[in-house]
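Undergrad: Sequence below, structure please.
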Amino acid sequence: MKLFNDFCKYLSKITTIDESYFQLILATTIVIFFFLLLRKYGQKIIGKKTDGRKAFFITQTYLVLLNVLEVFCLLFVWDDYIKSLMTLISVVSAAMTIALREIILNFFCGLYIKMKKPFKVEDRIQIDDLKGDVMNISTLDFEVLEVSNKEVNGQSTGVVVTVPNSLVFSKPVKNITKGFKFVWNEISVRIDLEGDLVTNKQELYKIVNEIETIKNIPKKMKAEINALNNTNRIYFNQYDPIIYTKIVDKHAELTVRYLMYPKKSRYIESVIWNKIYNAYKEGKINLYLGD
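TA: Okay, the predicted model is just below:
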C-alpha cells in the first residue's frame, strides 16, 4: 500500500495533478485488470475440468458472479466520489441520464433473471412477436435464436436476436418449455362423409400411436407434472393422443391432439402427414378432397 501511495505522489509531483485522482485511476485499473485475469484463466480452468453443456452453464454462473463482485469492488473504490458523480450525472443531458438508467435497469433485471429464472438457456420463449430458443443470458441482455412464426411451432430462422434484460419487466414472457418440456399440438384431417368415421379414427389413432416420440411422452409428462405439483397447480385429464370429431359442411373434421416436444413439431407433423397420405393411397383413410 505504501508503494502504491508513493507512486501516486510521484506522479502528482511530475504532472501537478492531484494525488487522489491518480489513486482513483490506478485502483480502478487494478480492479478491472484483476477481474480480466480471473475471467480469462477461470474459463480455461473450467474448460479443462468439464466440457460440453455442463461447462457452458458453470462458465455462465462464474461470469455472473465475477460481474457482481467487480461492480461491488468498483463501488468500494469510488465510494468517496459517488455523491459527486451522481450530482454530475444529474446535470448531464437527459439522453445520457436515460442511457445510464437503462444500463442500470438491465443489470438488475439480469440478476432477477438469474435468481428468479423466468427462463433459462435452451428454453423456448416468446416476447411480443419474437419467438425462439434462449442461447445465452448475460449481465445486460440475453440472446435468442429466432424461430419462425409462420407455423404454430416453427423451425429456427438462423437469426440471433439480442434482447435487453429490462424487457422481462415491461412485456409478458411466454415460456413454452418451463416446468415440463412438452406441449399439445393439433392436426385437422378432413374426412369424406361417405367413409366410416369409426374406421378412419381407428386408423388415425394407429398412425399417431406408432410414432415412438409421441408414444413415450404421456408417461414422461405425468412424471413431470407430479414433480411440479408441490409448487404449481397443473393438471390434465388426458395425456394420450385423442381425436375430436366435428361435421363441417360436406365433410367431417377430425382433430388429432397429441403431446410433443416443441423443437420437433415440424418433423413430427411431416411424419404423421406422410403416414396419412400412404393410408389414403391404400384405401384405409377416406380423405375429403373437395373445396
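Undergrad: tell me the helices in the chain, going along the chain?
TA: For the chain, helices defined by DSSP state H occupy the ranges 2-15, 19-49, 52-77, 82-91, 94-116, 167-170, 197-209, 212-215, 217-228, 265-281.
Undergrad: List every C-alpha atom in the last one, with coordinates, as PDB.
TA: In this case it means helix 265-281. In PDB, the C-alpha atoms belonging to helix 265-281 read as follows (Å, rounded to 0.1, in the frame of the first residue of the first chain):
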ATOM      1  CA  SER A 265     -43.000 -30.300 -34.000                       C
ATOM      2  CA  ARG A 266     -42.500 -29.800 -37.700                       C
ATOM      3  CA  TYR A 267     -40.700 -33.100 -38.100                       C
ATOM      4  CA  ILE A 268     -43.500 -35.000 -36.200                       C
ATOM      5  CA  GLU A 269     -46.200 -33.300 -38.300                       C
ATOM      6  CA  SER A 270     -44.400 -34.300 -41.500                       C
ATOM      7  CA  VAL A 271     -44.100 -37.900 -40.400                       C
ATOM      8  CA  ILE A 272     -47.900 -38.000 -39.500                       C
ATOM      9  CA  TRP A 273     -48.900 -36.500 -42.800                       C
ATOM     10  CA  ASN A 274     -46.700 -38.900 -44.800                       C
ATOM     11  CA  LYS A 275     -48.400 -41.800 -43.000                       C
ATOM     12  CA  ILE A 276     -51.900 -40.300 -43.600                       C
ATOM     13  CA  TYR A 277     -51.100 -40.000 -47.300                       C
ATOM     14  CA  ASN A 278     -49.900 -43.600 -47.500                       C
ATOM     15  CA  ALA A 279     -53.000 -44.800 -45.700                       C
ATOM     16  CA  TYR A 280     -55.200 -42.800 -48.100                       C
ATOM     17  CA  LYS A 281     -53.400 -44.400 -51.100                       C
END
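Undergrad: mean confidence score for it?
TA: Summarised as a single mean, pLDDT over helix 265-281 is 89.
Undergrad: For the closest residue to residue 47 other than its chain neighbours, the count of nearby residues, please.
TA: Using C-beta to C-beta, 6 or more residues apart in numbering and skipping the chain neighbours, the partner closest in space to residue 47 is residue 55 (6.0 Å). For the C-beta atoms, the positions are set from N, CA and C on the backbone; glycine is no exception. Residue 55 sits with 15 neighbouring residues when counted by other C-beta atoms under 10 Å.
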